[in-house]
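In: Sequence and predicted structure are below.
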Amino acid sequence: VRLETMRGERPGMTTHHVERLFVYPMTVLFTLIADIESYPLYMPGWRAVRINQRSPQRLEVEQRVSLFGLSVDFRSIAALDPPHQLRISATQFPFRTFQLCWQLRSLCPTSTIVQADFDLSFRTAPLNRFADKMAPLMLERTINAFAQRAKRIIIAQPSAQPGPAGSAPDHGQSARLKPVRDQNRHGLENPGGCDRD
């Protein structure tokens with residue numbers, strides 16, 4: 001795992017970076033990442049999600065997220081480039097910039113580098129100072145939660161894999177945002193890594 005923090009291009013914005021090697025195929029990992037409606041099941045801070053509009057390359061998302069003790073409802077755009085990248089971005093108050101970008105790079109059919117970049121800036125200086133301290137921990141918890149989700153879901157059964165990015169399940173969220181409760185229980189198995197000469 002590699003974790004980095006860098007100053008962003010604009011004042012008050014901090015960019016955080018983490019990457020990890022997964023012994024799963026890139027396309028399957030991307031499908032899991034692109035299932036944003038399941039984020040409340042496992043992603044730290046994600047409380048509720050609703051997809052308002054959906055297309056193969058773009059989702060309009062409404063979500064409730066807890067950040068640093070604040071509960072925030074906001075809308076975002078998720079831009080998909082399957083199976084290489086998913087970028088979730090928003091500029092709605094209290095954010096000046098909120099951007100979570102997942103990038104995947106295949107090393108071989110069974111091994112993938114997953115990279116997450118988190119750009120965050122608020123409209124107030126006190127929140128920015130707090131974000132500088134807490135965002136790296138938040139991003140590390142996010143990649144750890146994703147790793148646990150991958151172990152539970154991807155390898156267990158073909159029917160347990162999440163649906164395509166453009167057709168994620170509804171989870172019963174229609175008229176209003178609702179937290180999702182995880183009902184899945186799957187076994188595990190070791191998928192192995194790349195073949196070696």
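Out: Perfect, I can see it now.
In: pLDDT weak spots in this structure?
Out: 1-14, 155-197 (pLDDT under 70).
In: distance between the lengthiest helix in it and the chain's centre?
Out: Using DSSP state H to assign secondary structure, the helix with the most residues in the chain is helix 125-153. Centroid separation between helix 125-153 and its chain, computed with Cα atoms, centre = their mean, to the nearest Å, is 10 Å.
In: same thing with stretch 93-110?
Out: Centre-to-centre, stretch 93-110 and its host chain are 7 Å apart (Cα atoms, centre = their mean).
In: Repeat that for stretch 113-128.
Out: Per Cα atoms, centre = their mean, the displacement of stretch 113-128 from the mean C-alpha position of its chain is 14 Å.
In: which is the next helix or strand following the strand or helix carrying Ile51?
Out: With elements delineated by DSSP states H and E, Ile51 resides in strand 46-55, which encompasses its position. Once strand 46-55 ends, the next helix or strand along the chain (criterion: DSSP H and E) is strand 58-67.
In: helices and strands around that next one, which ones?
Out: strand 46-55, strand 70-81 (3 or more Cβ pairs under 8 Å, 6 or more residues apart in numbering; DSSP states H and E). Every C-beta, even on glycine, is put in place using the N, C-alpha and C of the backbone.
In: List the contacts of the last one.
Out: Under the contact criterion Cβ atoms under 8 Å, 6 or more residues apart in numbering, strand 70-81 has outside partners 34, 36, 47, 52, 56-66, 85-90, 92-95, 98, 165-166, 177.
In: Quick check: nearest residue in space to Val49, chain neighbours excluded?
Out: If the residues on either side of it in the chain are set aside, Val49 comes closest to Gln63, at 4.8 Å by Cβ to Cβ, 6 or more residues apart in numbering.
In: how near is that neighbour to Phe22?
Out: When Cβ to Cβ, to the nearest Å is the yardstick, Gln63 and Phe22 sit 25 Å from each other.
In: The longest helix of the chain - contacts with which helices or strands?
Out: Counting contacts by 3+ Cβ pairs under 8 Å, 6+ apart, helix 125-153 is packed against strand 2-7, strand 14-22, helix 26-34, helix 39-42, strand 111-122.
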